[in-house]
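Student: got a structure for you, letters missing:
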């Protein structure tokens with residue numbers, strides 16, 4: 001068992017902080033990784049192996065989106081693993097390689113000149129010669145209390161992650177854009193019936209997707225309706241039905257289902273850099289082709305923050321690897 005690293009400067013820093021001396025609250029690192037999903041932790045592994053002594057600041061949701069899934073069956077090498085357990089293992093792996101992991105949230109990033117400066121919620125500051133952004137994206141939710149209650153227990157925002165668990169079951173999909181139609185079509189591989197609930201009578205998806213949806217006998221669109229409540233059991237937690245409201249008449253209908261997929265889109269967690277880096281496709285950070293380089297030299301982006309297309313754990317991990325290798329090359333050329 002490895003002993004945690006003891007740094008007497010931490011104690012000096014605490015004492016100075018009490019005295020109001022902020023100098024002790026600033027630390028320098030060659031590579032600062034912001035975010036702690038598969039991209040962030042993989043970047044931590046590779047940057048550590050390159051002897052860059054990276055610091056990783058976990059952010060508001062340590063482990064990222066995988067912490068709100070249950071079984072994961074598409075991570076190579078594991079026929080089945082719980083999402084939170086997988087992220088605990090990734091964190092342990094990064095630590096074992098030498099990555100220093102900080103439980104804090106970066107609230108401000110100054111990227112106009114090197115070294116870059118990151119300010120955390122705790123007041124600590126980190127200066128860095130290179131930055132790897134791995135803040136991810138988050139599914140947009142409706143904000144219903146019942147939706148929150150059953151997240152991971154019948155309510156999901158990822159058909160690719162969780163669709164397999166609803167083989168032969170009836171499920172509902174909420175939304176009317178590309179995400180919703182793609183999720184509904186994908187879910188027909190498993191479900192016996194998919195009800196697409198949309199508050200309008202027209203989809204906002206690409207016409208080719210709409211055509212496929214209408215032709216699919218397993219999908220039943222329910223127009224002019226919105227989700228009111230998810231109904232289910234408490235012990236164990238599980239979805240049994242949804243209550244939906246007609247947006248024109250106000251009439252409430254109950255639909256029996258075992259799964260609810262909220263597909264009203266994803267939002268990249270780009271708050272730190274939305275006014276600093278080039279973005280597209282609704283805020284995803286632009287990277288150079290076949291690269292994680294952003295529009296600022298020395299700043300790299302990996303995972304769902306930049307990936308509007310695949311949004312998979314394994315592709316995020318791959319981009320984390322790329323970012324660390326590219327950061328290493330960047331630092332070697334700018335010493």
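Tutor: Thanks, I have it. All values derive from a computational prediction rather than experimental measurement.
Student: Residue 192 and residue 219 touch, don't they?
Tutor: No. If you go by Cβ atoms under 8 Å, residue 192 and residue 219 don't touch, sitting 11.4 Å apart. In this view, the C-beta of every residue, glycine as well, is placed from N, C-alpha and C.
Student: For the longest helix seen in the chain, name the packing helices and strands.
Tutor: Secondary structure assigned by DSSP state H gives helix 313-333 as the longest helix of the chain. Other elements packing on helix 313-333 under the criterion 3 or more Cβ pairs under 8 Å, 6 or more residues apart in numbering; DSSP states H and E are strand 26-34, helix 38-49, strand 125-133, strand 299-301.
Student: How about residues contacting the shortest one?
Tutor: When contacts are defined by Cβ atoms under 8 Å, 6 or more residues apart in numbering, strand 299-301 is touched by residues 111, 116, 130-134, 273, 277, 285, 287, 292-294, 323, 326-327, 330.
Student: Tell me where this protein has helices.
Tutor: 8-18, 38-49, 83-97, 145-149, 159-162, 178-187, 207-215, 313-333.
Student: between the third one and helix 313-333, how big is the angle?
Tutor: Interaxial angle of helix 83-97 relative to helix 313-333 (axes from the mean of the first three to the mean of the last three Cα atoms, to 10 degrees): 20 degrees.
Student: Tell me the bridge partners for the residue lying closest to residue 222 once chain neighbours are set aside.
Tutor: Among residues not flanking residue 222 along the chain, residue 197 sits closest, at 5.0 Å (Cβ to Cβ, 6 or more residues apart in numbering). Judged by DSSP bridges, the bridge partners of residue 197 are residue 174, residue 222.
Student: Distance-wise, check residue 197 relative to residue 257.
Tutor: Distance, residue 197 to residue 257, by Cβ to Cβ, to the nearest Å: 10 Å.
Student: Tell me who's in contact with the closest residue to residue 36 other than its chain neighbours.
Tutor: In this structure, residue 36 finds its nearest non-sequential neighbour in residue 58, 4.0 Å apart by Cβ to Cβ, 6+ apart. Contacts here follow Cβ under 8 Å, 6+ apart; on that basis residue 58 touches 35, 36, 40, 101, 102, 103, 104, 105.
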